[in-house]
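In: predicted model, plus sequence, below.
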Amino acid sequence: MNFCYGCKHAVLSLPSHLLTLLRWLTLASALVVVASPALAAKTYTVNSDGTVTDPTTGLTWKRCAEGQTWSGTTCSGTAATYNWATAKALTSTFAGQSDWRLPNIRELQSIVDRTVSSPAIDVAAFPFTPKYSDIASDFWSSTVNFSAPSESWYVNFIHGNADAAPTTISVKFYVRLVRGGQPLGLLDITRPDADYIDQGDGTVLHTPTGLTWQRCAQGQSWINGTCSGTLSPSNWATASASINTYAGHADWRLPTEEELASLVDYSRFAPAINATMFPHLPITALFWSSTPLTAQASWYLNFKAGNVNTNTNFSGLYVRWVRGGRSFGPLALSVSKTGAGQVATSVLPGIECGAVCQSGYYAGEVVTLNASPATNLIAWGGACASAGAAASCTVTMDAAKSVSASFKDTPMVAGLPTSLAFSSANLRSIGTAQVIALRNTGTAALNISSIVVASGEFAQTHTCLASLAAGATCNISVTFEPTLAGSQNGALLLVSDALDSPHSVSLAGTAVATAADAPTDVSAIAGNAQASVSFTAPMVNGGAAVSKYTVTASPGGRTGIAASSPITVTGLTNDVSYTFMVTAFNGAGTSVASVASNSVVPLRDSQSISFGPAPTLLFGATATVTATAATSCAANCPTVRNAITFSSTTPTVCSVTTGGRVSALSMGDCGVAADQAINAYYSAAPQATLTIAVGQAPQSISFGAVPVLKLGGSGQLSATGGQSGNALVFSSTTPTICTVTGSTVTDINAGDCVVAVDQAASTHYSAAPQVTQKIVVSPAPQSISFGAAPTLVVDATGTVTATGGASGNGVVFSSVTPSICAVTGSTVSALAAGNCAVAANQAANANYLAAPQTLQWIVVGAGTQSISFGTAPALVAGGQGVLAATGGASGNAVTFSSTTHTVCTVAGNTVTAVKVGDCLVAANQAGNANYGAAAQVTQLITIGKGLALLSGWNLLGNTSDQPVAVAALLSDTTLVTTVWKWDASKPGWQFYTPSMDTNALQDYATSKGYAALTVLNPGDGFWVNAKRLGNLVDPFVGQPYTLGAAQLKKGWNLVATAANVTPAALNQSLTDTLNPPPTVGTVPLNLTSLWAWDNSRSKWYFYAPNLQAQGGTELLNYAASKGYLDFTASGKRLDDGTGFWVNKP
C-alpha cells in the first residue's frame, strides 16, 4: 500500500486476497521501526558552493531541495512543494551555473540509499531532506509515465519507492535540481537493442552496466530463440540462497535493486523492459532483488511499468539471474609520450595518441597500453613505470591515473594509405594519377632505398630524394595503365631505414574492353534459297571474348547470327548472285565489316511423292488417301512448299477431292493420282498413283420397342433391317422362358426372355449380323394386411396378427422403434411411453415379389415417479450445508429451493443459513417422455446459533466477554488448516495449527518469527483457514463484548465487537472527549481505515472516515474503483462473530 496522510495524493489500496494483505501488514509493522544509521552507499564529492558531484554518474546536485537555502554549512528553511508542470519549468542560476534542470527518473533513483530510511538518502550530502515525520518525502522526476501521459514518475525518499502520480495542479511534491552527467547510456530512460550484446547461449550482456543477464526468468527455458515454459515464483529466502549454473558459469546471483532497475525501459509498458532481449513476460511481472529492507521485507521491481517497492519475504515473486557487472565510472587515464612512437589501447578501446591523450574507464577495469614500434620504446613512466621497456603495460583503474612513454629519436613513415583504388580505364590508356604525401613523423632523417610498383598494369613517379628530413614531406604519384581487361591488382613498395620497413600499398583497378578487329578469310557456299558462310576469328578481340558474329548478304541485306563459323544465311532468292560480309561483337562494341566473300547463286531442289497405305473402301462409303512429299535438300531447307493435290483416274468407279477424300460409286478398282506443283524453291514432283478395290457394303438390324410380357402372356416383336430388302426372321434363344412364332412371343415362366433376328445378304450388301432383344418377365406382386392393434402400456406385452400374399411364405414381425418397444415372434413388449411401430414383411419366391413392408402403430402410455430426501444437514446461522435426495426413474436432476427465504437460501444443492430458525427446503423433479413430474416434497432444517466456516479463509471474532482456548475450539484437523491472530502490541502474528502438538507448534512459530496462539480474548479478531464447510455451534459464552478506544493500538488492529454497528458509528464511538481526534468536517478521524472480509465472495469491505467526510458518493465510488465492497451499499454491519481490521492513526 502507499502510506499517506489523509489519503490526499496517494489513496490507500489493498490487494483483493488474504496473502497480499498479510504481506503488507508485516511490512507495515517493520516500517514503524526507525532504521539504524549506516554508511552511505557511495561517496560524493562535496563542492564548496552548495553542490555535490556523484563520481559514479558525473551528475552535480543541489544539496538543498527547492525552497531551502544553503547557509554555507547546511540547508535552512522549509522545502517547498510544486505541481509537476511548475517543477518541470524550474530553472535557476546557482553556483555559477544556469543549466539546472529536473532530473529524469533514472537520475533521481541514482541518489537513493537503501541502507538507510526516512530519508533514504545520504543526509551528509543532502542535509534536512524531508522525511517520514514531515508527512511525506516525494520528489518529482521529469519522466512522463508511458502508459498514462497524465502522470509522471516520482521517488519517495522515506524508503526509496518509485511510482507515478497525476500531474494535476493539486498534486504537489518536492523538487531537487541537477545538472551535467555522463553520456555512457547508464542514465538514459530507454533500453534499446543497441545496449545489449546477444551472447548466443540464452544470455545478453548489458553494455552500459557490464552485467550479463539470463534472457529467461526462473521456470522458463531458452529454446529456438525464445523463452518457453511458465515462470516459477520463489520466496525471497529461497531466491537469495539459490545456486544457479547456466551457460558454463556457476556465479549467477539474485540482482540488487539498482541492478534490476537498470533493465527498466521507461518508454515501454506491460512489460517495461526490452521484450526483444527478454521475451514472454506476463503483463504484471514482480521480480525479487537481493536488497533487503528489514528482516521480514525486501525490495522488488514491477516490470509492468517499472514501479520500485517492497514485499514481505515469504511472498512468491519471480526471479531473473545476473552475473558480472562493474562499478560505475568514469575515471580518467592520461597518456603523454616523447620521441618517435605511438601509444594505443587493446581489448578496451579509448586511447590512440601520438602526443597526449585521455579517456575515461570504469572502476576496476584493466587497461592494456601498447607501444608502437615496441623496439623504439625507451621506458614507460607514471602508472606504468614498473613495466620498464616492455612492449605493453597494464593499468588497473582504481583512481584517475597518468602514464608517460619515452621513445628513441628515429625516422617514422606516415601518410601511406593501406590501398589505392582507381577508376575504370580503357585498355592501353593512362588513368588519372593518385598522389600520396609521404611524411617523416620521426625525429631523425628517413633514408629511402627504393620506391617501386610490383605490377606491369600500374606505374609511379615521385619527388622523394634518398633522404627525407624529420618532419619533411615528399609526393608519390601512382597511375593505372592497363594492358589486360578486367580487375587488376598490384602493390607500391617503399623500402627505407624506418623500423617498420618495408611498407606496402595495395593497388586495384578495372580495365574496360574495346571493340574487336574484323573477321578475315570470308568464303560462301550456295544452297537452296540460302548460303553457308565461313570465316576466321579476329586476331585482336579488344580485351573481351567475342560473343557473336553477324553475316550480311548483298543484295537484300539478309543476315545470319551465331557464336562461331560457319553461319547459314536463309531467305535468299534462287537464281540471284550474292556476296557476304562479317562483323564481330564482344560486349564492348561491334567491329568493322570484313572484306566481301566470293559470289554464289542459290538453286531450287527437286520433289517426289509417296502414297501411304490404301484405305478400306466399301460401296456407297468414303475414305481418305494420304501421301508424303520429299525433297533433295539435305540441310537448312526452305519450308515454303506447295500442297499435294489428288484426283480420280476411274471416275465411273469412284470420285476424289483435291484433298484426298474418295467416294465409292460402284463395285470395281478405284484409281487415285497425286501431284505437287513447282514454286520458288522446289521443281514440280512426278505424278504418283494408287489403286483401291471397292468391297460390299454392310447392313444392320435394329429392334423396335420391347413388348411387355406378363407371366403366361404374349406380345408382338418388331425390327428394321438393312438396304438389301431381304425379310427379317425372329427366333427364341431361351425356350424355357418364352417361345416365338412369326413375330409373336409367348411367356412360359418369369425370367429373361431373349429373342434373335437375322437378314440374308445381296449383290451389294453382306448379310446383317444377328441381333438379340431381352424381354424381362417380372414376378407377380403380393401384399400384407394387419389385424386389430393390441393395447399397450410401459412394461406390458401384446400380440399382433397379419394376412400375407399368394407366395405361401410366412409373415415376419419386427420393431422399427426399438427405444419404445421390442418384438419377438408376434409378441410386442412396451419399453417406453410413445408411439411403437411394428413392421410386417413377407419374402418372395421364383414367381412372386416380396410383399411391401407394412407398419402398425401402437400408442404406449407413460409411468409415474417420486422423491425421497436424504439426511438433513446440520446448520448454524451464516453456515452452509449440502442437500441430498433420491428421485424417480426419469433420470432428471432433483432441484432444490427454499420456501423460507428470510431464514435460509438455496443455490444448487447448497443451503445457506441466513439466521436462526426453521428452514423449509422443497425438492422437485421434472418428468420426461416416459414419466410424469414427481410430486414436490419438503424437508425441515432447524438452524442453530454459532459460527459458520467456509472453505478457504474466514475472518471471525470473539464478541463475548470470556476468553476461549484455541485448541478447544479449533482442534478438528479435518476442518481447520491454520489459525492466525495479529498482536498489535508487539506487533506480530500469533499462529496455531491443529496438526501440531504444543511443543512442535511452539518450535515452528519461533522459527518463523511468530508467537504460538493459545487463547482468543474478548474482542479478538482472527483468521481461520478451513479445509471445508463447517459449523462452530455456540463457540463463545458470556456476555456481549463492545470494542472501545482503549483496546486499539496505533497502527493495525485485528478486532471484533458485538455492538452490531456500522463502521461510521464505530468511528464515532471511539471519540475521547478529553482528547478529541482531528476531524474532517464533523467526522472524527479516530481511525484511518477499516476492513472486513467477505468469506463467501473473497472480497474486502472498505471504510475510510476521510472519504465519508467528503460526502456524496466519494466513499462508494472509491470502493467500487478498487473492487472493494461498500458497507452501506451491502448492508454490512460489525456484528456478532465478525472480525475486522482497524488502522488507527
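Out: Happy to help now that I have it.

In: shaky segments in the stretch 101-250 of the chain?
Out: Within the stretch 101-250 of the chain, the stretches falling below the threshold (pLDDT under 70) are 132-135, 181-185.

In: show me where it has helices.
Out: Counting by DSSP state H, counting those that start in this stretch, the stretch 101-250 of the chain forms helices over residues 105-109, 236-241, given from the N-terminal end onward.

In: equivalent analysis for the stretch 951-1100 of the chain, please.
Out: Per DSSP H, counting those that start in this stretch, the stretch 951-1100 of the chain has helices spanning 966-969, 998-1007, 1063-1069. These are given in chain order.

In: ok, back up a step: right, and the helices of the stretch 101-250 of the chain - which one's nearest T276?
Out: For the helices of the stretch 101-250 of the chain, proximity to T276 was assessed by Cβ to Cβ; helix 105-109 is nearest, at 20.1 Å. Quick note: C-beta positions are derived from backbone N, CA and C, even for glycine.

In: who are the packing partners of the closest one?
Out: Based on contacts counted as 3 or more Cβ pairs under 8 Å, 6 or more residues apart in numbering; DSSP states H and E, the elements that helix 105-109 packs against are strand 138-144, strand 151-156, helix 257-261.

In: any chance of these in CSV, plus distance to A935?
Out: Below are those laid out as CSV (distance: least, Cβ to Cβ, whole Å):
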stretch, distance to A935
strand 138-144, 71
strand 151-156, 65
helix 257-261, 69
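
In: could you export those as a markdown table, including mean neighbour count and distance to P502?
Out: Conversion of those to a markdown table gives the following (neighbours: other Cβ atoms under 10 Å; distance: least, Cβ to Cβ, whole Å):
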| stretch | mean neighbour count | distance to P502 |
| --- | --- | --- |
| strand 138-144 | 24 | 59 |
| strand 151-156 | 24 | 63 |
| helix 257-261 | 21 | 53 |
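
In: out of those, which comes closest to N528?
Out: Counting by Cβ to Cβ, N528 lies closest to strand 138-144 out of these; the figure is 91.0 Å.

In: could you give the angle of the closest one to strand 151-156?
Out: Here strand 138-144 runs at 150 degrees with respect to strand 151-156, directions being taken by axes from the mean of the first three to the mean of the last three Cα atoms, to 10 degrees.

In: what comes into contact with strand 138-144?
Out: Surrounding strand 138-144, the residues in contact under the criterion Cβ atoms under 8 Å, 6 or more residues apart in numbering are 9, 65, 82, 84, 87-88, 101-108, 151-157, 165, 173-176, 189, 266.

In: mind running it again at 7 Å?
Out: Contacts made with strand 138-144 from outside it, assessed by Cβ atoms under 7 Å, 6 or more residues apart in numbering, are listed as 84, 87-88, 102-105, 108, 152-157, 173-176, 189, 266.

In: circling back to that earlier point, what's the closest of the helices and strands packed on helix 105-109 to G1112?
Out: Of all those, the one in closest proximity to G1112, counting by Cβ to Cβ, is strand 151-156 (25.1 Å).

In: list the helices and strands that closest one packs on?
Out: With contacts taken as 3 or more Cβ pairs under 7 Å, 6 or more residues apart in numbering; DSSP states H and E, strand 151-156 sits against helix 105-109, strand 138-144, strand 161-166.

In: would you turn the ones you listed into a markdown table with distance to G927?
Out: Supplementary listing: the helices and strands packed on strand 151-156 in a markdown table, determined by distance: least, Cβ to Cβ, whole Å:
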| stretch | distance to G927 |
| --- | --- |
| helix 105-109 | 70 |
| strand 138-144 | 68 |
| strand 161-166 | 63 |
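
In: mind listing the strands for the stretch 901-1050 of the chain?
Out: Taking DSSP state E, counting those that start in this stretch, the strands of the stretch 901-1050 of the chain run over residues 904-907, 910-913, 917-925, 937-944, 946-949, 952-957, 964-965, 976-983, 988-992, 1011-1012, 1015-1016, 1021-1026, 1030-1033.

In: let me have these in TSV, adding mean pLDDT, distance to F535 and mean neighbour count as columns.
Out: Formatted as TSV, the entries for the strands of the stretch 901-1050 of the chain read as follows, by pLDDT from 0 to 100; distance: least, Cβ to Cβ, whole Å; neighbours: other Cβ atoms under 10 Å:
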stretch	mean pLDDT	distance to F535	mean neighbour count
strand 904-907	94	107	18
strand 910-913	90	108	20
strand 917-925	93	111	19
strand 937-944	89	119	16
strand 946-949	84	113	24
strand 952-957	94	104	22
strand 964-965	94	124	15
strand 976-983	96	107	20
strand 988-992	96	109	20
strand 1011-1012	95	115	16
strand 1015-1016	95	121	22
strand 1021-1026	96	106	22
strand 1030-1033	82	114	19
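
In: out of the ones you listed, the one nearest P417 is which?
Out: strand 988-992 (77.9 Å).

In: which strands or helices does the closest one pack on?
Out: Counting contacts by 3+ Cβ pairs under 7 Å, 6+ apart, the secondary-structure elements packed against strand 988-992 are strand 976-983, strand 1011-1012.

In: ok, the closest residue to A387 other than its chain neighbours to C384 distance?
Out: With Cβ to Cβ, 6 or more residues apart in numbering as the criterion, A387 has its nearest non-adjacent residue at 3.5 Å, and that residue is C393. C393 is 4 Å from C384, where distance means Cβ to Cβ, to the nearest Å.

In: just to check, T514 is in contact with R428?
Out: No. Counting by Cβ atoms under 7 Å, T514 stays clear of R428, with 8.4 Å between them.

In: show me which of the two is the more surrounded one.
Out: For T514 against R428, the residue with the higher neighbour count under other Cβ atoms under 10 Å is T514, and the figures read 17 against 11.

In: what sits closest to that one if chain neighbours are left out?
Out: If you skip the residues right next to it in sequence, T514 has G542 as its closest partner in space, 4.4 Å away by Cβ to Cβ, 6+ apart.

In: the one you found against A518, yeah?
Out: No. Under the contact definition of Cβ under 7 Å, G542 does not touch A518, with a separation of 11.4 Å.

In: my read: T510 touches S424, true?
Out: Yes. Using Cβ under 7 Å, T510 makes contact with S424 at a distance of 4.6 Å.

In: who's more crowded, these two?
Out: In terms of neighbours (other Cβ under 10 Å), T510 is the more surrounded of T510 and S424; the figures are 15 against 12.

In: tell me the contacts of A756?
Out: 731, 733, 770, 772.

In: run through the bridge partners of it.
Out: The residues listed as beta-bridge partners of A756 by DSSP bridges are S731, T772.

In: need the winner for burial among the helices of the stretch 101-250 of the chain.
Out: The highest mean neighbour count among these, using mean count of other Cβ atoms under 10 Å, belongs to helix 105-109: a mean of 23.

In: give me the residues contacting it.
Out: Taking contacts as Cβ under 7 Å, 6+ apart, the residues outside helix 105-109 that touch it are 59, 139, 141, 143, 153, 155, 162, 178, 181, 187, 189, 261, 266.
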